[in-house]
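Undergrad: Sequence and predicted structure, then a few things I'm wondering about:
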Amino acid sequence: MLDAINLTCVRDDRVLFSELSFNVRPGEMVQIAGKNGAGKTSLLRILAGLAQAEEGEVKWQGEGLSRARYQYHQNLLWLGHQPGIKTVLTAFENLSFYHAHGAESLRWQALTEVGLLGFEDVPVNQLSAGQQRRVALARLWLSTHKLWILDEPFTAIDVAGVEKLTRQLRHHTENGGMVVLTTHQPLAVDNVRQIHLQEKRT
Ligand SMILES: Nc1ncnc2c1ncn2[C@@H]1O[C@H](COP(=O)(O)OP(=O)(O)OP(=O)(O)O)[C@@H](O)[C@H]1O
């Protein structure tokens, strides 16, 4: 289980959120909602252990991230706002880099799932924005991590891609996984829990 406990985040003397507490249990999907600049990415980065909160703590399986860091990173798949892929490598090379010890057949399967079969040998910097995003998203079909933290995973993805990705998110939670994500578009998922960030002034 992931626990966010009394988190306060301040950026440029502005309190983005304060005393924010929630948890994410196996099988749950949580959407962080709020207008542009509300602090959604800032919150996800704190949850992923990439940034510090001014106050409060994040716990994984009951332990603070500083103590549980190794275990946490074994269980966490973070997909940031940027695709986070190596643009001089091809789609297939990216997946090989990411999934070095897994079976090659699984990489082909993941490329097929995200509709990149036929583009596997193209350097990523020659792919479209949506295709580049799909290379990053292919990791979701290779992941064995329990917790997925995804910042705007649907950005630049077409309608069919959104449906496929939504199915994969559902599949993950139905199998006991956890998803925390931001998105500005409606999610076609039952039981998604929303946490709204609202601006507070100092
Ligand atoms: N490292 C930083 N230093 C200073 N200010 C920052 C930093 N990171 C974010 N901010 C500010 O914090 C606010 C919230 O940013 P954040 O990216 O978390 O918002 P968001 O809710 O994800 O927005 P969007 O929906 O536009 O992606 C913004 O005003 C941003 O300028």
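TA: Alright, I've got the coordinates. Numbering: from 1, shown residues only.

Undergrad: Could you pick out the residues of this structure near the ligand for me?
TA: Arg11, Asp12, Leu16, Gly34, Asn36, Gly37, Ala38, Gly39, Lys40, Thr41, Ser42 (CB under 6 Å from any ligand atom). Any C-beta I mention is one placed from the backbone N, CA and C, and that applies to glycine too.

Undergrad: And the residue most central in space within the chain, how close does it get to Tyr72?
TA: Central residue of the chain (CA atoms, centre = their mean): Leu150, 1.6 Å from the mean position. Distance, Leu150 to Tyr72, using CB to CB, to the nearest Å: 16 Å.

Undergrad: next one: Arg133
TA: 25 Å.

Undergrad: So these two - more neighbours on which side?
TA: A direct count of neighbours by other CB atoms under 10 Å for Arg133 and Tyr72 places Arg133 higher, at 24 against 21.

Undergrad: any idea how far Val24 is from Leu89?
TA: From Val24 to Leu89 the distance is 32 Å (CB to CB).

Undergrad: These two - which one has more neighbours?
TA: Neighbour count, other CB under 10 Å: between Val24 and Leu89, Val24 has more, with 20 against 16.

Undergrad: wait, the more buried one sits on Met178?
TA: Yes - counting by CB atoms under 8 Å, Met178 is a contact partner of Val24 at 4.8 Å.

Undergrad: list the residues that contact both of the two?
TA: Taking CB atoms under 8 Å, 6 or more residues apart in numbering as the criterion, Val24 and Met178 both touch Leu2, Val30, Leu147.

Undergrad: and which of the residues you listed is nearest Asp158?
TA: Taking CB to CB as the measure, Asp158 lies nearest Val30 of these, at 25.2 Å.

Undergrad: Contacts for stretch 127-145 next, please.
TA: 74-77, 79, 83-85, 87, 91, 94-95, 98-99, 102, 106-107, 109-111, 113-116, 119, 124, 148, 153, 155-158, 161, 165, 168-169, 172, 177.

Undergrad: I am assuming the residue nearest to the centre of the chain contacts Leu79, so please confirm or correct that.
TA: Yes - between Leu150 and Leu79 there is a contact at 4.7 Å, judged by CB under 8 Å.

Undergrad: Just say helix, strand or coil for the residue lying closest to Arg45 once chain neighbours are set aside.
TA: Residue nearest to Arg45 in three dimensions, not counting chain neighbours: Ala51, with 4.1 Å by CB to CB, 6 or more residues apart in numbering. Under DSSP: H, G, I helix; E, B strand; the rest coil, Ala51 falls in the coil class.

Undergrad: Ends of stretch 9-27, what's the gap?
TA: With CA to CA, to the nearest Å as the measure, stretch 9-27 spans 27 Å from end to end.
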